[in-house]
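In: heads up, no residue letters with this:
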């Protein structure tokens, strides 16, 4: 901006401006319009928080809802016949709204997805950033990113029809649809994110770091493992965090491939139900304004807030690392 | 660049180099195989069903025969309406971020954070939002004012699904447009200003035309993403079967993604619907994939060109 004014100023002081005055008002209106429309994203975030939160609020404030469920009741077990039950059965004579099986389900499936996706994607990023030639990189990178372009409902369908059979043959799982199947399916959606953020991070490491390491006599493997990866560490960590956020929020893959039984256990071979799948499956049949409806919105609010924090943290780290490495080079 | 440069710096690669390079290369291979296996399976399963009739005919005999034309039509209508809302908003945001906001503007920083986070909001949350905001609040508000509280817009329908998807896909447009506007050489702007054009004229007649391929890339990627999303439209307007095509903004619609979901999970006779299921999945995959491929081609071509001029 400064450069433009210094160029324009000495040549023709106020003249061009006065020549174009006729379009002045329309232009100013257009500029204001653009500035206002640019606020849409801020408004969207605020409205999502407001409207998802609003429907969840009665759980904390409404006496009517408290007859069915209390905030504590979302976490505490129900005692039945001397046993402490953690169960999610919103549609039964005595509705039970314990969300622990759902939280555990989401975490279980996400964990499976990350265990599979992180080594693969970070490994692939190391290859593309450090070993591949320009031509290979130009083909491999967009191809891996194409994986993100497959609709999640198609991945879910693939997991249901193909992966489930493979997993059952390989592990002899008790249920055909389970946390492993859903987790593997989920890794299809998570790999491209971890890969591309990690690869960016590796490429942001200044060339001088590599030159210095090699000048000291390191091999390329040593350079990658002891210099480049540690320097890109925060970015790689952020890629995993962003992948986690994506995995926790993914709906269609887990809805189709997880089996959807809300069981609280540690077995990966059992049918599992996540927060997202619960909302997707139950919101369509719920009475608007009922306790069940409010609890589903509370789950949505929980999902929104937790992924928001996770993503914010991830973005922050990526941003900070870029700036640090930028000044260091 | 750095990879090539550092390779030249090293004399003889050592044993560890080969191991690491082979290990990481196999990670690449596994991911590529994952991609190939999905495509292969869907293409193999769906190729037998795919025909002109399949995409141009409505379903028959309880979804076991006929085609998916209403779902194709619904998906196209949905994404077109979505584009009409998402692209202008996304382009305006990008113009604001690059051309209008000062580099130290706090508002611009907030906009940037919100765009990045909007892209990370789980799609099912958009569904909840669409139901709570567009349908229960805006739609019912319209009904109360204009239709004597008769449910007209206060129910799941095409327009609310489109707008929900528009918010979800807007970040895609912003990111692609921003990159393209940034790539426009500074000299072009200076030349335009120097001959007397105003800032707005420069933006509209010089910068935007130069950035057109980036805007196009963003639009195509947004359409591709929107066409494949199911969770946000579950409660905001999609239907499993409708006897007629949607003709009004407040009609429900069918969509390819939802069709795949229902056929895959709620079919009464799995073996009979399987060809239809694979066929629908193939149509959806082909649609999103081709769009992605086109977008990537445009992007890499324009990146190479702008790289060559500098």
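Out: That came through fine. Every value quoted in this text rests on a predicted model; they were computed, and no experiment measured them.
In: mean confidence for whichever strand or helix holds residue A:248?
Out: Element membership for residue A:248 (DSSP states H and E) is helix A:229-249. The pLDDT scores in helix A:229-249 average 92.
In: and that helix, what other elements does it pack with?
Out: Judged by 3 or more Cβ pairs under 8 Å, 6 or more residues apart in numbering or on different chains; DSSP states H and E, helix A:229-249 is in contact with helix A:100-126, helix A:179-204, helix A:275-282, helix A:291-328, helix B:123-129. For the C-beta atoms, the positions are set from N, CA and C on the backbone; glycine is no exception.
In: and if we set it to 10 Å?
Out: helix A:100-126, helix A:179-204, helix A:207-215, helix A:252-257, helix A:275-282, helix A:291-328, helix B:123-129 (3 or more Cβ pairs under 10 Å, 6 or more residues apart in numbering or on different chains; DSSP states H and E).
In: any buried residues in that helix, and which?
Out: Of all the residues in helix A:229-249, those buried under the rule 16 or more other Cβ atoms under 10 Å in any protein chain shown are A:229, A:231-232, A:234-249.
In: then stretch B:210-220?
Out: Quick answer for stretch B:210-220 (16+ other Cβ under 10 Å): B:210, B:211, B:213, B:214, B:215, B:216, B:217, B:218, B:219, B:220.
In: now the spatially closest residue to the first one that is not a sequence neighbour: how far from residue B:206?
Out: Spelled out, it's residue B:210. Using Cβ to Cβ, 6 or more residues apart in numbering or on different chains and skipping the chain neighbours, the partner closest in space to residue B:210 is residue B:184 (4.5 Å). To residue B:206, residue B:184 is 8 Å away according to Cβ to Cβ, to the nearest Å.
In: compare those two (neighbour count), which wins?
Out: Legend: neighbour count by other Cβ atoms under 10 Å in any protein chain shown for residue B:184 and residue B:206, higher for residue B:184 (20 against 17).
In: for that one, give me phi and psi.
Out: Main-chain dihedrals, residue B:184, degrees, to the nearest 10: phi -70, psi 120.
In: check what pLDDT it gets.
Out: For residue B:184, the pLDDT comes out at 91.
In: do residue B:18 as well
Out: Reported pLDDT for residue B:18: 85.
In: wait, residue B:231 sits on residue A:256?
Out: No. At 11.4 Å, residue B:231 does not count as touching residue A:256 under the criterion of Cβ atoms under 10 Å.
In: what residues do these two have in common as contacts?
Out: A:152, A:153, A:277, A:280, B:261 (Cβ atoms under 10 Å, 6 or more residues apart in numbering or on different chains).
In: dump the residue contacts of the closest residue to residue B:249 other than its chain neighbours.
Out: Leaving out its chain neighbours, the residue that sits closest to residue B:249 by Cβ to Cβ, 6+ apart is residue B:159, at 4.0 Å. Neighbouring residues of residue B:159 by Cβ under 10 Å, 6+ apart: B:78, B:81, B:85, B:134, B:138-139, B:153, B:236-237, B:248-251.
In: go again using 7 Å as the cut-off
Out: B:81, B:249, B:250 (Cβ atoms under 7 Å, 6 or more residues apart in numbering or on different chains).
In: can you check residue B:54 too?
Out: Counting by Cβ under 7 Å, 6+ apart, residue B:54 has contacts B:67, B:68, B:279.
In: so which helix or strand takes in it?
Out: Going by DSSP H and E, residue B:54 is in helix B:52-56.
In: these two touch, right, residue B:152 and residue B:144?
Out: No. The criterion here is Cβ atoms under 7 Å, and residue B:152 misses it with residue B:144 at 10.3 Å.
In: so for those two, which residue has more residues nearby?
Out: Remark: of residue B:152 and residue B:144, residue B:152 carries more neighbours, 16 against 12, as counted by other Cβ under 10 Å.
In: buried sites along the helix holding residue B:54?
Out: Applying 16+ other Cβ under 10 Å to helix B:52-56 flags B:54, B:55 as buried.
In: how far off centre is that helix?
Out: 24 Å (Cα atoms, centre = their mean, to the nearest Å).
In: for that helix, give the mean pLDDT please.
Out: The model assigns helix B:52-56 a mean pLDDT of 87.
In: how about low-confidence regions in the chain?
Out: Using chain A here. Counting by pLDDT under 70, chain A has low-confidence residues at A:1-23, A:326-329.
In: hmm, I had chain B in mind actually
Out: B:1-13, B:306-310.
In: can you name every helix or strand that the lengthiest helix in it contacts?
Out: When chain B is scanned for its longest helix (criterion: DSSP state H), the result is helix B:270-309. Helix B:270-309 is packed against helix A:134-147, helix A:152-158, helix B:15-47, helix B:212-228, helix B:256-265, with contacts defined by 3 or more Cβ pairs under 7 Å, 6 or more residues apart in numbering or on different chains; DSSP states H and E.
In: format the ones you listed as CSV; extra columns: distance to residue A:186.
Out: Shown next, in CSV, are those (distance: least, Cβ to Cβ, whole Å):
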stretch, distance to residue A:186
helix A:134-147, 12
helix A:152-158, 8
helix B:15-47, 12
helix B:212-228, 16
helix B:256-265, 16
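In: right, and the ones you listed - which one's nearest residue A:203?
Out: Within those, the stretch nearest residue A:203 is helix A:134-147; the backing value is 9.7 Å (Cβ to Cβ).
In: quick one, the closest one and helix A:100-126 angle?
Out: What separates the directions of helix A:134-147 and helix A:100-126 is an angle of 160 degrees, with axes from the mean of the first three to the mean of the last three Cα atoms, to 10 degrees.
In: ok, residue B:86 - how many residues close by?
Out: Neighbour tally, residue B:86, other Cβ under 10 Å: 30.
In: check contacts around the nearest residue to it once chain neighbours are set aside.
Out: Excluding the flanking residues, the one nearest residue B:86 by Cβ to Cβ, 6+ apart is residue B:166, at 4.0 Å. Contact analysis of residue B:166 by Cβ under 7 Å, 6+ apart lists B:82, B:85, B:86.
In: following element in sequence after the host helix or strand of the last one, please.
Out: When secondary structure is defined using DSSP H and E, the element that contains residue B:86 is helix B:69-95. Moving toward the C-terminus from helix B:69-95, the next helix or strand (DSSP H and E) is helix B:106-118.
In: next, the buried residues of that following helix.
Out: B:108, B:111, B:112, B:113, B:114, B:115, B:116, B:117, B:118.
In: tell me, which of these make contact with chain A?
Out: Among the buried residues of helix B:106-118, the residues within reach of chain A (Cβ under 7 Å from any Cβ of the partner chain) are B:111, B:114, B:115, B:116, B:117, B:118.
In: what sits against the residue nearest in space to the middle of chain A?
Out: The residue lying closest to the centre of chain A (Cα atoms, centre = their mean) is residue A:246, at 2.0 Å. With contact set as Cβ under 7 Å, 6+ apart, residue A:246 has these partners: A:189, A:190, A:193.
In: include distance to chain B and neighbour count when you put these into a markdown table, please.
Out: Shown next, in a markdown table, are the contacts of residue A:246 (distance: Cβ to the nearest Cβ, whole Å; neighbours: other Cβ atoms under 10 Å in any protein chain shown):
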| residue | distance to chain B | neighbour count |
| --- | --- | --- |
| A:189 | 11 | 23 |
| A:190 | 11 | 30 |
| A:193 | 10 | 24 |
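In: buried ones among the contacts of residue B:159?
Out: Buried among the contacts of residue B:159 by 16+ other Cβ under 10 Å: B:81, B:250.
In: surely residue A:114 is in contact with residue A:244?
Out: Yes. Applying Cβ under 7 Å, one finds residue A:114 in contact with residue A:244, separated by 6.5 Å.
In: sorry, back to before: can you state the direction angle for the helix holding residue A:248 and helix B:106-118?
Out: 70 degrees.
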